[in-house]
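**Q** All I have is the shape, not the residue letters:
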């Protein structure tokens with residue numbers, strides 16, 4: 001039986017007493033919300049207290065920059081926290097601003113999940129990473145505070161990420177504790193908070209935007225956790241049914257339409273394949289992805305070959321289905 005992350009990291013699960021909420025795609029998973037803002041008109045008032053908001057000055061931000069965050073919350077308490085944020089903003093004479101230095105960060109509790117479930121979340125995320133940046137704003141891809149995992153184009157980076165697909169607790173812990181904090185998907189908090197942190201979104205105090213982003217993130221995580229087939233089938237579906245995969249992952253919450261949508265998904269699938277192929281096949285026989293696009297040398301010549309890109313020459317078993325589709329469509 002696969003071990004839960006809480007057993008590997010020593011960070012035990014905690015339950016927030018939230019209730020089911022029709023505004024959330026998932027009501028029974030804890031999240032933490034962090035909002036960074038600049039140009040806050042007044043300095044923080046110590047007497048101004050909220051049940052679910054923690055307000056702190058942030059020296060890394062400008063013009064009375066602050067960070068507003070919540071404890072781990074779920075269900076109706078998420079809506080309560082967003083209501084408190086609306087109340088806080090309404091008291092300011094001038095609305096605070098976001099900038100390239102600010103972000104909206106969502107922590108998702110993963111302490112009750114297993115390593116295979118985390119792997120499915122990670123595989124799904126990397127496939128969808130560029131799509132998520134398309135939603136958040138392509139300019140965020142070059143932001144140093146949310147570096148894409150898809151930028152792991154060096155062999156060293158891929159070997160590092162590939163260690164997460166091992167059954168060794170030590171390999172998994174090595175990835176968690178050494179993961180770069182400013183990654184678009186930050187795995188480092190797994191070792192201290194039991195969460196993964198989505199850092200792609202720009203800073204905002206618009207609670208409708210925050211709720212929408214929370215539902216997008218929760219949808220992706222819930223898909224990965226509850227996916228019962230192998231990670232290979234997730235990647236196969238990029239080629240055989242990209243529209244269906246998008247619908248299944250985001251349940252209609254992610255609305256975006258741009259020309260490179262399907263090419264961006266294929267790029268993510270290539271990255272996953274390259275991460276696996278950085279290791280010698282004989283050395284990864286216990287890997288959770290041991291059968292992920294690993295044809296023998298003799299069979300590779302017969303496989304469909306895709307032109308070399310900045311992630312190297314790759315082979316995907318059924319590329320024609322994706323390349324023949326109309327790439328001008330969206331969700």
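**A** Nice, thanks for sending it over. What you see is a predicted model; the values in this text were computed from it and never measured. Numbers count the residues shown, from 1 in each chain.
**Q** tell me the secondary structure for the nearest residue to residue 35 once chain neighbours are set aside?
**A** Distances taken as CB to CB, 6 or more residues apart in numbering put residue 68 closest to residue 35, at 4.5 Å, once the chain neighbours are dropped. C-beta: built from backbone N, CA, C; applies to glycine. In three-state terms, and counting by DSSP: H, G, I helix; E, B strand; the rest coil, residue 68 is strand.
**Q** close enough to count as contact, residue 68 and residue 88?
**A** Yes. Using CB atoms under 8 Å, residue 68 is in contact with residue 88, at 7.3 Å.
**Q** Now list whatever residues contact both of these two.
**A** 53, 55 (CB atoms under 8 Å, 6 or more residues apart in numbering).
**Q** shaky segments in the stretch 1-150 of the chain?
**A** 94 (pLDDT under 70).
**Q** One more: the stretch 151-300 of the chain?
**A** Low-confidence segments of the stretch 151-300 of the chain (pLDDT under 70): 152-160, 167, 276-300.
**Q** returning to that earlier point: which one of residue 68 and residue 88 is surrounded by more residues?
**A** For residue 68 versus residue 88, neighbours defined as other CB atoms under 10 Å are more numerous around residue 68 (23 against 16).
**Q** for the more buried one, what are its contacts?
**A** 34, 35, 37, 53, 54, 55, 56, 85, 88, 205.
**Q** Keep only those of the residues you listed that are in helices.
**A** When DSSP state H is applied, the contacts of residue 68 are split such that 85, 88 fall in helices.
**Q** Between the contacts of residue 68, which sits nearest residue 197?
**A** Residue 197 lies nearest to residue 34 out of the contacts of residue 68, by CB to CB, at 8.3 Å.
**Q** in stretch 54-61, what counts as buried?
**A** Across stretch 54-61, burial judged by 16 or more other CB atoms under 10 Å covers 55, 58, 61.
**Q** Okay, the first one and residue 76: tell me how far apart.
**A** Right, residue 55. Counting by CB to CB, to the nearest Å, the gap from residue 55 to residue 76 is 22 Å.
**Q** With the last one instead?
**A** As for residue 61, its distance to residue 76 is 30 Å (criterion: CB to CB).
**Q** What backbone torsions are found at residue 74?
**A** phi -150, psi 170 (degrees, to the nearest 10).
**Q** Chain neighbours aside, what residue packs nearest to it?
**A** Residue 74's closest residue in space is residue 18 (CB to CB, 6+ apart), at 3.9 Å.
**Q** The one you found: how many residues sit nearby?
**A** Using other CB under 10 Å: residue 18 sits among 21 other residues.
**Q** Thanks a lot, catch you later.
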